[in-house]
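Student: Task: produce atomic coordinates for the following.
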Amino acid sequence: MQIIDQIEKKPIYHYRPGSKLLSLGTFGCNLDCDCCQNAALASSGPEGRSEPVMSPEAAVSLALEKGAQGIAFTFNEPVVWSEFILDVARSAKEHRLYVMMNSNGYVEETPLDELLNAVDVFKVDVKGFTEDFYRERCGGTLSPVLRTCRRIVSRGRHLELAYLII
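Tutor: Numbers count the residues shown, from 1 in each chain. Here you go, the predicted structure:
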């Protein structure tokens with residue numbers, strides 16, 4: 001899936017307001033939230049899908065062609081395709097495009113550290129405020145999400161949070 005969006009639609013309000021970005025997404029997620037607003041993407045696989053395969057260079061070219069100032073990885077959980085994000089980010093930086101990631105924050109430390117070297121701005125969706133909520137409703141735990149948020153901030157990356165109302 002690919003769309004040109006205003007950054008505020010992600011929603012990011014305090015990083016390059018008014019800028020346009022190419023929003024890219026695929027399928028898959030590392031949580032299983034019973035309240036998922038993108039369940040059709042997050043819970044699916046490649047079977048029966050017709051999205052085009054895109055190289056990192058093609059993603060950057062498309063962003064430049066459409067007049068975008070950045071590229072956002074969104075719609076499903078981007079961590080499941082972090083290697084692609086890293087490849088796109090290398091090319092995007094050469095063309096002065098910023099890189100944004102819309103994530104659930106449920107990320108192991110090593111891949112997060114790699115992403116922190118490549119991604120400029122993060123939006124993390126906090127699904128709930130207790131370990132019980134994450135375990136019962138999302139199939140995960142809250143502590144890794146909080147660790148991710150602390151690590152993003154400590155590395156000087158821009159972070160905005162979204163809190164779901166269910």
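
Student: contacts, neighbours, all on C-alpha from now
Tutor: OK.

Student: contacting residues for the residue of the chain most remote from its centre?
Tutor: Centroid-distance maximum for the chain: Asp132 at 24.4 Å, with CA atoms, centre = their mean. If a contact means CA atoms under 8 Å, 6 or more residues apart in numbering, then Asp132 has Thr141 as its contacts.

Student: Just the helices from the protein, written as ranges.
Tutor: Secondary structure of the chain (DSSP state H): helices located at 39-42, 56-65, 82-94, 109-116, 131-133, 143-154.

Student: mind checking pLDDT for the residue farthest from the centre of the chain?
Tutor: At Asp132, the model reports a pLDDT of 97.

Student: Near the closest residue to Tyr13 other than its chain neighbours, how many other residues are there?
Tutor: The shortest distance from Tyr13 to any non-neighbouring residue, by CA to CA, 6 or more residues apart in numbering, is to Ile7 (7.3 Å). Number of residues near Ile7 (other CA atoms under 10 Å) recorded here: 24.

Student: what's the spacing between Ile7 and Leu161?
Tutor: Ile7 sits 14 Å away from Leu161, going by CA to CA, to the nearest Å.

Student: swap in Asp125?
Tutor: Asp125 is 6 Å from Leu161, by CA to CA.

Student: about what we covered before: to Ile166, which of the helices of the chain lies closest?
Tutor: When the helices of the chain are compared by CA to CA, helix 131-133 sits nearest Ile166, at 11.8 Å.

Student: returning to that earlier point: residue contacts, the residue nearest to Tyr13?
Tutor: So Ile7 contacts 13, 16-21 (CA under 8 Å, 6+ apart).
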